[in-house]
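Trainee: Predicted model, plus sequence, below.
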Amino acid sequence: MPALKRLFAATTATLRPALVVLCLSVLQGQWISPAAVEAAADEPAAGVRIVQVEFIYTDENAPTPQCHATTIAQTPGGLVAAWFGGTREGDQDVGIWVSRKVDGTWTPAVEVMNGVQHSTLRYPCWNPVLVQQPGGPLHLFAKCGPNPRVVGDAPGFP
């Protein structure tokens, strides 16, 4: 459980003063149970107030076997979350998925980026970041390519 508590501390430090903790990630191939999430939320980082702890989806309605790298933004229309998901991190079927919170309920996840280059080449997608421009649009930044750490590793990209 220490790793989960570190996750909460790192996540909450960037989303002050209020936080909705979105537990999508799979740790070592296992879903994080709601009980484990609630137990970790009982001890938030100093100066952090956790407003709500919830799952966007459960293993019964998961759009992909695994997911990782959750990002969240408060928009004029409500909360929006994104993550990468697929068979396994780095596999070619990994895309960027998005869900919105509407009337207190998360919408079904929709794949918004898939890394398809052409009919025989698909790259995995990596590490989405949502940024709500004040008074402007919501931006989604992510990478598609064979390796998340190398710039310019996909043909045709600088």
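Mentor: That came through fine. Numbers count the residues shown, from 1 in each chain.
Trainee: show me where this structure has strands.
Mentor: Remark: strands assigned in the chain by DSSP state E are 20-22, 26-27, 30-31, 52-54, 66-75, 78-86, 95-102, 105-106, 110-113, 116-118, 121-122, 125-132, 138-144.
Trainee: With Glu60 as the reference, name the closest of those.
Mentor: The closest of the strands of the chain to Glu60 is strand 30-31. By CB to CB, the value is 10.4 Å. Placement of C-beta: from N, CA and C, glycine included.
Trainee: what is the mean pLDDT for the closest one?
Mentor: Regarding strand 30-31, the rounded mean pLDDT is 44.
Trainee: Also stretch 79-99?
Mentor: 92.
Trainee: And for stretch 150-158?
Mentor: For stretch 150-158, the mean per-residue pLDDT is 59.
Trainee: Stretch 54-73 too?
Mentor: 85.
Trainee: Next, the distance between the ends of that stretch.
Mentor: 16 Å (CA to CA, to the nearest Å).
Trainee: circling back to that earlier point, now render the strands of the chain as TSV, adding distance to Val150.
Mentor: Conversion of those to TSV gives the following (distance: least, CB to CB, whole Å):
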stretch	distance to Val150
strand 20-22	28
strand 26-27	24
strand 30-31	30
strand 52-54	35
strand 66-75	17
strand 78-86	17
strand 95-102	18
strand 105-106	33
strand 110-113	18
strand 116-118	16
strand 121-122	17
strand 125-132	11
strand 138-144	10
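Trainee: Quick one: these as JSON lines, columns for mean neighbour count too.
Mentor: Conversion of those to JSON lines gives the following (neighbours: other CB atoms under 10 Å):
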{"stretch": "strand 20-22", "mean neighbour count": "20"}
{"stretch": "strand 26-27", "mean neighbour count": "16"}
{"stretch": "strand 30-31", "mean neighbour count": "12"}
{"stretch": "strand 52-54", "mean neighbour count": "13"}
{"stretch": "strand 66-75", "mean neighbour count": "18"}
{"stretch": "strand 78-86", "mean neighbour count": "22"}
{"stretch": "strand 95-102", "mean neighbour count": "21"}
{"stretch": "strand 105-106", "mean neighbour count": "12"}
{"stretch": "strand 110-113", "mean neighbour count": "15"}
{"stretch": "strand 116-118", "mean neighbour count": "11"}
{"stretch": "strand 121-122", "mean neighbour count": "14"}
{"stretch": "strand 125-132", "mean neighbour count": "18"}
{"stretch": "strand 138-144", "mean neighbour count": "17"}
